[in-house]
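[1] okay, sequence plus prediction incoming.
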Amino acid sequence: MATTDLLVDLQDDLVSDDTSKTLGRLKLSPLDEKAWPTECDDELQSVSEQPSARKDGKERQLLYSDDETLPEIVDPPPDLKWDDPYYDIARRQIVEVAGDDNFGRKVIVVSACRMPPSHQLDHTQLLKYLKHTLDKYVESDYSVVYFHYGLNSQNKPSFAWLLEAYKEFDRKYKKNIKALYIVHPTRFIKALLVVFKPIISMKFGRKILYVNHLSELEQYLKCERMVIPQCVKRYDERIQAAQKLKPQEPKKQLPHQQFGISLQELREKDPEHKAMPLVMEQTSTYIKKHGLNKEGIFRRSANVFLVKEVLEKYNNGVPVDFETYNDVHLAAVILKTFLRELPEPLLTYNLYNKVVSLGKVQENKQIETIAEMIKFLPEDNYTVLRYLVEFLGEIADYSDLNKMTASNLALVFGPALLWAKDAAISLNAINPINNFTQLLFENYTEIFPAK
């Protein structure tokens, strides 16, 4: 079983908010004036310490090549305008939004390998852009994935900037972040967190998780739906080869499996051959009863242990009674999880390009176009989609109480209704998918003919 180190035993919040005085008490040497160790050397040494790694001095050639010391270059998002105030930062795609994790939380991805040398990057703008990106999601529960590979002596930000960044992210940002996954951590990043220990609260410290391999990250989110830099993938492959790690075996389908199988299979397995999956019926019924006026419904996560417990019950044919859990957010997370776990998105792969291209259609014809598009969905998909959209329409009717307008619901459900086949959803596709979903929610009475 994959193991993930969890940072614990951190100090409680300090009474004083003056972090400069706090650090002064540590009597630290000024790190900015010293030459920080090259991160790739640290990575190589940490791998070579593994018993299975080679000892003949060839680890460098195996794990790292000179061309990968350069930042990964990506094409700028097609909808990014040159006069955008964050153009230089956004075009590098150092910060991206990558759908949801396995617990229904929005995922923000930060890739160190895409950071150029420090003299080519305005770190003040980078911090502003990171806050600008997070501002769209901090009202909901969210997670951050930080790909540490690619950070080196050339692009490493100063200690002073790191301190400023931590101070800038006040309670608004820290409150709803539920996990910070540090992928491919090195001794440097672990040491840095020890330095920050006196100013990191115990509550925030518990949210930091070290992830040594991408296979471990699969416990928390679907990597194939994320935009993972190619150099990170290659590095991960070399680490696994050096450590002779065996690939994980696919899980076997259980007799009563409810998650991760197609709608058609679920209908065939149901004794009454119902078109509406059991999970959809039970979660929506409970939410209608207890969640219509619940502020932030579908924006909050639930206890991860309870989520796993409910998933196991459903997949093992054990009856689930949400009344015993008394947590409407748990039912909401289970509903979103069911949609994300479908082997093919509810809107199907066939509609992906049409949905992403809807913005090219004249505005006065977009509703008609959507109605025509969904006519071609398989019958089971159409039935479930209609049920879901009508249910969420009822949620939006109470938006003055629950704060979940059609726009907010689209932000939550867009990535759960559609993703690309054999490819991670790209940043430039997220907004079109969310816009499509919003139009679907706002105009469902026109899109779906009366029964």
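    Now that the structure is in, tell me what you want to look at.
[2] could you look up the SS state of Lys421?
    coil (DSSP: H, G, I helix; E, B strand; the rest coil).
[3] now it: closest residue in space, sequence neighbours ignored.
    Tyr349 (4.3 Å; C-beta to C-beta, 6 or more residues apart in numbering). (Glycine included, C-beta is placed from N, CA and C.)
[4] quick check: pLDDT value at that neighbour.
    For Tyr349, the pLDDT comes out at 94.
[5] tell me the spacing between it and Pro378.
    Taking C-beta to C-beta, to the nearest Å as the measure, Tyr349 and Pro378 are separated by 12 Å.
[6] residues near the residue nearest to Lys421, how many?
    Counted by other C-beta atoms under 10 Å, the residues lying close to Tyr349 total 13.
[7] ok, Val95 touching Arg114?
    No - look at Val95 against Arg114 with C-beta atoms under 8 Å: they stay out of range, at 9.1 Å.
[8] spatially central residue for the chain, please.
    Val107 (2.2 Å; C-alpha atoms, centre = their mean).
[9] setting aside sequence neighbours, what's the nearest residue to Lys190?
    Tyr210 (7.5 Å).
[10] which of the helices or strands spans the one you found?
    Using DSSP states H and E, the element containing Tyr210 is strand 208-211.
[11] skip ahead from that strand and say which helix or strand is next.
    That would be, after strand 208-211 and using DSSP H and E, helix 214-217.
[12] and the next element down the chain from that following helix?
    helix 230-243.
[13] can you point out the buried residues in that next one?
    Within helix 230-243, the residues scored as buried using 16 or more other C-beta atoms under 10 Å are 231-232, 235-236, 238-240, 242.
[14] can I get it in PDB, CA atoms only?
    The C-alpha trace of helix 230-243 is given here as PDB (Å, rounded to 0.1, in the frame of the first residue of the first chain):
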ATOM      1  CA  GLN A 230       5.900  15.800 -19.200                       C
ATOM      2  CA  CYS A 231       9.300  16.300 -17.400                       C
ATOM      3  CA  VAL A 232       7.600  15.400 -14.100                       C
ATOM      4  CA  LYS A 233       6.100  12.200 -15.600                       C
ATOM      5  CA  ARG A 234       9.500  11.200 -17.000                       C
ATOM      6  CA  TYR A 235      11.200  11.900 -13.700                       C
ATOM      7  CA  ASP A 236       8.600   9.800 -11.900                       C
ATOM      8  CA  GLU A 237       9.200   6.900 -14.300                       C
ATOM      9  CA  ARG A 238      13.000   7.100 -13.800                       C
ATOM     10  CA  ILE A 239      12.500   7.100 -10.000                       C
ATOM     11  CA  GLN A 240      10.300   4.100 -10.100                       C
ATOM     12  CA  ALA A 241      12.700   2.300 -12.400                       C
ATOM     13  CA  ALA A 242      15.600   3.000 -10.100                       C
ATOM     14  CA  GLN A 243      13.700   1.800  -7.100                       C
END
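[15] now do that helix: distance to the chain's middle.
    21 Å (C-alpha atoms, centre = their mean, to the nearest Å).
[16] packing partners for that helix?
    helix 39-48, helix 59-63, helix 214-217 (3 or more C-beta pairs under 8 Å, 6 or more residues apart in numbering; DSSP states H and E).
[17] pick out the shakiest of those helices, pLDDT-wise.
    Ranked by mean pLDDT, the helices and strands packed on helix 230-243 bottom out at helix 59-63, which scores a mean of 38.
[18] now the very next helix or strand once past that one: buried residues?
    Sequence order places helix 87-90 as the next helix or strand after helix 59-63, per DSSP H and E. Using 16+ other C-beta under 10 Å as the test for burial, helix 87-90 gives 88-90.
[19] with stretch 114-129 instead?
    Residues of stretch 114-129 classed as buried by neighbour count (16+ other C-beta under 10 Å): 114-116, 121, 123, 125-127, 129.
[20] what residues of the longest helix anywhere in the chain count as buried?
    Longest helix in the chain, counting residues (DSSP state H): helix 379-397. The neighbour-count check on helix 379-397 (16+ other C-beta under 10 Å) flags 380-389, 391-393, 395-396 as buried.
[21] on that earlier part again, may I have the strand holding Tyr210 exported as CSV, CA atoms only?
    Written as CSV, here are the backbone C-alpha positions of strand 208-211 (Å, rounded to 0.1, in the frame of the first residue of the first chain):
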residue,chain,number,x,y,z
ILE,A,208,0.6,19.2,4.1
LEU,A,209,1.3,15.8,2.6
TYR,A,210,4.4,14.4,1.0
VAL,A,211,3.8,12.4,-2.1
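[22] host element of Glu96?
    Assessed by DSSP H and E, Glu96 sits inside strand 95-100.
[23] so what strands line up beside that strand?
    Next to strand 95-100 in the sheet, as set by DSSP bridges, lie strand 106-111 (antiparallel).
[24] closest to Ala416 among the buried residues of helix 379-397?
    Leu388 (9.8 Å; C-beta to C-beta).
[25] isn't the closest one right up against Met280?
    Yes - here Leu388 reaches Met280: they are 7.2 Å apart, a contact under C-beta under 8 Å.
[26] got any residues that touch both of these two?
    Counting by C-beta atoms under 8 Å, 6 or more residues apart in numbering, Leu388 and Met280 have no shared contacts at all.
[27] what's the closest of the buried residues of stretch 114-129 to Asn435?
    Tyr129 (22.0 Å).
[28] elements contacting whichever strand or helix holds the closest one?
    Using DSSP H and E, the element containing Tyr129 is helix 123-134. Under the contact definition 3+ C-beta pairs under 8 Å, 6+ apart, helix 123-134 sits against helix 87-90, strand 95-100, strand 106-111, helix 159-168.
[29] now with 6 Å?
    For helix 123-134, the packing partners by 3 or more C-beta pairs under 6 Å, 6 or more residues apart in numbering; DSSP states H and E come out as helix 87-90.
[30] before we move on, back to that, list the contacts of the longest helix of the chain.
    Contact with helix 379-397 is made by 263-264, 275, 284, 346, 404-406, 409, 441, 444, 448, as judged by C-beta atoms under 6 Å, 6 or more residues apart in numbering.
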